[in-house]
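J.: A predicted structure for the sequence below; I have some questions about it.
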Amino acid sequence: MFKVLKKDDKTKARVGILTTEHGEVETPSYVVVGTHAEVRCLTPEDILETKTQMVISNTYHLWQTLGDKLKTFPGLHKAMGWNGTFMTDSGGFQVFSLGFAREHGVSKIANIFPDEGEKGFSLPAGRQAQENLVRITDEGVWFMDGGKEVFLDAKLSMQIQEQLGADIILAFDECTSPLHDHAYTAEALARTHAWAKIGLQEKKRGDQKLYGIVQGGAFRDLREESARFIGSLPFDGFAIGGSLGNTRAEMFEVIRWTIPFLREEAPRHLLGIGKINDLFEGVEEGIDTFDCVVPTREARHGGIWTSLGRINILKGRFSGDVSPLQEGRSGSEKPSGSMSCACAACAEGLTRGELNRLFKAKDASAARLATIHNVYFFNDLMAQIRQSIKDNRFLEFKNETLNRLS
RNA sequence: GCGCAGGUGGCAGAGCGGUCAAUUGCACUAGACUGUAAAUCUAGCGCCUUCGGGCUACGGAGGUUCGAAUCCUCCCCUGCGCA
């Protein structure tokens, strides 16, 4: 299902091709998040124009939303009206996001300082502690959802994912928090490993590929133990999940500990990451696919990616700005011709001023156009990364791009 | 000219004797967002500050009061109605 086509000379970066029932995915690649079997704000036609190769939907959320309709669910491809490659997350992330993450207001990287940031756990601005909706047992996980408790375990997660019909499915796991200590993380790891084996046993459909998930927090011994264990099982691919430390530097250390235990010829997915600079670092360490809400969520919040970094299109200074989205941040910095954006929104002549106006007017097309642009931007960047690896100039491209974007 | 209703920070609009530099919304400024219960959230938004506080403010001028955006008088202005 996966073939490495070219390896970078200086790093672990590689170009590959991932083949599923719904086509081929060139890697390294970005997986666009479509939790509820739709990429927020985009139509299936829109997605086709964004260079998207793969979409990831969510087992837990679809299970809860669909309810009884899950039995007659036609499959993600038909339901969404997009015939590309789908992945589904197992629901393991919701063990964290609806539980500990809510309770402590943290994300899977506790502090998102650029690097070497201060230690300690500051709550992300705007996210206050809320009720923990999750109860974890060795058998599975209880979720408080809409006043009732529902139970999800490794077996049910597999059954739901088979009904959803993604091309790539994930083993059910317990995503831990950066706030968890070694003892707890080890306990959780034992559960994740037991559930991984159940996943392999319960998998029925031959047309779906199953990935195992490496956990272990930011603890080297646990990460290595997990990578060794999960890596030894007959999964079709591997994902790296869970808490990834307190800084980006720690995150990449975790990846470096993990990768050596994963089979060279199996695809490697980094769950829930990332931002632009994370992509370069991840590729450099040998990651093949990434998924993250950043391009879509930031788009809805007015964050627009350009060849010179991110701008917030909501700012007053963009009112009446007749220049295209893809330009210098100040408006006076002119991009070279090659940097103009080929996304469907920009191709139709969308200006910064117009997008600003649409956002201000709360016009639904604002979020759609912004999402089209950002998703295209990320996918196009991945395409450029692939090309740079093929051309043996990955590190040069990385440095040049990061200098420009930051 | 008469009658009625009003004039509050960039705008809209609360407050109607002290707890008011003044609720709230918009606008504006800065920031966050990493396997999506986030088209969301946070902070700031008169001037100065050694961050304790100080100063100037609610159309204008007087007045009552220990104390006024809030009460009284006059003036100016706006809207509606009647002439």
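T.: Received, thanks.

J.: check which helix or strand covers the most centrally placed residue in chain A.
T.: By CA atoms, centre = their mean, chain A has its centre lying nearest to A:D291, at 1.8 Å. Using DSSP states H and E, A:D291 sits within strand A:289-292.

J.: three-state assignment of the closest residue to A:K203 other than its chain neighbours?
T.: Spatial nearest neighbour of A:K203, excluding adjacent residues (CB to CB, 6 or more residues apart in numbering): A:L210 at 5.2 Å. Every residue, glycine included, has its C-beta placed from N, CA and C. Recorded secondary structure, A:L210: strand (DSSP: H, G, I helix; E, B strand; the rest coil).

J.: could you give the bridge partners of A:L210?
T.: Using DSSP bridges, the bridge partners assigned to A:L210 are A:I169.

J.: list the contacts for A:L222?
T.: By CB atoms under 8 Å, 6 or more residues apart in numbering, A:L222 lies in contact with A:H182, A:T185, A:A186, A:L189, A:Q215, A:G216.

J.: do you know how far the last one is from RNA strand B?
T.: Computed as CB to the nearest atom of the strand, to the nearest Å, the A:G216 to RNA strand B distance reads 11 Å.

J.: report pLDDT for that residue.
T.: pLDDT recorded at A:G216 is 97.

J.: and stretch A:257-275, which residues are buried?
T.: Residues of stretch A:257-275 classed as buried by neighbour count (16 or more other CB atoms under 10 Å): A:257-259, A:261-262, A:266-275.

J.: with just CA atoms, put that stretch into CSV.
T.: C-alpha atoms of stretch A:257-275 as CSV (Å, rounded to 0.1, in the frame of the first residue of the first chain):
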residue,chain,number,x,y,z
TRP,A,257,12.8,8.5,19.6
THR,A,258,9.9,6.9,17.8
ILE,A,259,10.8,6.7,14.2
PRO,A,260,13.6,4.2,14.4
PHE,A,261,11.2,1.5,15.7
LEU,A,262,8.8,1.9,12.8
ARG,A,263,9.2,-0.1,9.6
GLU,A,264,10.8,1.8,6.9
GLU,A,265,8.3,0.7,4.3
ALA,A,266,5.2,1.6,6.4
PRO,A,267,3.6,5.1,6.2
ARG,A,268,4.0,7.3,9.3
HIS,A,269,1.3,9.7,10.3
LEU,A,270,1.8,12.5,12.8
LEU,A,271,-1.6,13.0,14.5
GLY,A,272,-2.9,16.5,15.0
ILE,A,273,0.1,18.4,13.8
GLY,A,274,0.7,21.0,12.4
LYS,A,275,1.6,24.4,11.7
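
J.: just checking the distance from that stretch to the centre of its chain.
T.: Remark: stretch A:257-275 is offset 13 Å from the chain centroid, using CA atoms, centre = their mean, to the nearest Å.

J.: likewise stretch A:266-286?
T.: Taking the mean of its C-alpha atoms, stretch A:266-286 sits 9 Å from the chain's own mean (CA atoms, centre = their mean).

J.: what's the end-to-end length of that stretch?
T.: Start to finish, the residues bounding stretch A:266-286 are 11 Å apart (CA to CA, to the nearest Å).

J.: out of the helices and strands in chain A, which is least certain?
T.: helix A:101-104 (a mean of 89; mean pLDDT, DSSP states H and E).

J.: export it to PDB, keeping only CA atoms.
T.: C-alpha atoms of helix A:101-104 as PDB (Å, rounded to 0.1, in the frame of the first residue of the first chain):
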ATOM      1  CA  ALA A 101      -8.000  18.800  28.000                       C
ATOM      2  CA  ARG A 102     -11.300  20.400  28.900                       C
ATOM      3  CA  GLU A 103     -10.700  20.100  32.600                       C
ATOM      4  CA  HIS A 104      -7.300  21.700  32.400                       C
END
